[in-house]
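> show me how the following folds:
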Amino acid sequence: MLRKKLVVLTGAGISAESGLKTFRDTDGLWEGYNVYDVATPGGFRDNPQLVLDFYNMRRRDVAQAKPNIAHLGLAELEKHFDVQIITQNIDDLHERGGSSKVLHLHGEIFKMRSVNDPFRPYPIDHDIHVGDLAEDGSQLRPFIVWFEEPVPMMDRAIEIVSEADLFVIIGTSLKVYPAAGLVNYTPEGIPTFIIDKKIPYTSSIRNLTVIEKTAGEGIMLLREALYQMIGM
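Modelled structure (predicted):
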């Protein structure tokens, strides 16, 4: 029997339960930093070492964090569904939680790249500093899509969403574009679920089930609803 394709869009809310904060938790400050100082090309031009130090710290935070029940629950759904994760998060908690198909829209904290080549990442095995050079002789920077930069994986994400049988949104405000626009590419009328402790504005989504819970609590209710749909 062909398994239904379950596409899941995740945001910072799912990683928050593993102790990873987002700037949206603190009125535009991310761990005490103005997001535009540390997550824009202009911020990197103005003070590259500040930006590199910021992501060096974030990398250590992610390394110490552990997948939570929501990450583990999504991985468990692979037993019965063809699950594809599309995440706005730069951490690797989905992978460590056991999910086998994860697309990172905004990059990956454990990779770096040349400032001149956004498409060729290198694995990170140390902190990045000013003067650390890629193979092309250019400064290395985090493999992160900053604000004001294009999102190279967006086209692939649209393809994945357009083939979904079921669509789930977990822990995202649906305010960061173009990622928030993915909801507009799902096949018309497919079952859609939103899990968030504060449900975002969603008037354009049809056949919608709202689960106003944290990611960890919501994944249990989601699993029950999905299993009922396939007769389990």
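
> so who does residue 196 touch?
Applying Cβ atoms under 8 Å, 6 or more residues apart in numbering, we find residue 196 in contact with 13, 169, 170, 171, 172, 211, 212, 213, 215, 218. Where you see a C-beta, it was placed from the backbone N, CA and C, and this is true even at glycine.

> which one is the first one nearest to, not counting chain neighbours?
Same thing as residue 13. Of all residues not flanking residue 13 in the chain, residue 171 sits nearest, at 2.3 Å (Cβ to Cβ, 6 or more residues apart in numbering).

> kindly provide the distance from the one you found to residue 4.
According to Cβ to Cβ, to the nearest Å, residue 171 stands 22 Å off from residue 4.

> more crowded one of those two?
It is residue 171, of residue 171 and residue 4, that has more neighbours when counted by other Cβ atoms under 10 Å, with 25 against 17.

> next, the more buried one: phi, psi?
phi 70, psi 40 (degrees, to the nearest 10).

> wait, it sits on residue 215?
Yes. Residue 171 lies in contact with residue 215 (Cβ atoms under 8 Å); the separation is 4.9 Å.

> and for those two, which residues touch both?
Residues within reach of residue 171 and of residue 215 at once, by Cβ under 8 Å, 6+ apart, are 13, 14, 16, 70, 195, 196.

> other residues contacting the helix or strand hosting the second one?
Using DSSP states H and E, residue 14 sits in helix 12-16. With contacts defined as Cβ under 8 Å, 6+ apart, helix 12-16 is touched by 20, 22, 24-25, 65, 68, 70-71, 87-89, 91, 93, 170-172, 196-197, 214-215.

> taking the shared contacts of residue 171 and residue 215 together, which two end up most distant?
Farthest-apart pair in the shared contacts of residue 171 and residue 215 is 16 and 195; separation 12.7 Å (Cβ to Cβ).

> look at those two and report which has more neighbours.
residue 195 (28 against 20).

> now for the more buried one: which residues touch it?
Counting by Cβ under 8 Å, 6+ apart, residue 195 has contacts 168, 169, 170, 171, 211, 213, 215, 218, 219, 221, 222.

> got it, and residue 69?
Going by Cβ under 8 Å, 6+ apart, residue 69 touches 17, 216, 219, 220.

> lowest-pLDDT helix or strand in this protein?
strand 29-30 (a mean of 56; mean pLDDT, DSSP states H and E).

> so where's the chain uncertain?
In the predicted model, the chain carries pLDDT under 70 at residues 1, 22-31, 203, 232.

> the protein: helices as residue ranges?
Secondary structure of the chain (DSSP state H): helices at 12-16, 35-38, 41-46, 48-64, 69-76, 93-97, 154-162, 215-229.

> just the buried positions in the shortest one, please.
Translated: helix 35-38. Of all the residues in helix 35-38, those buried under the rule 16 or more other Cβ atoms under 10 Å are 35, 37, 38.
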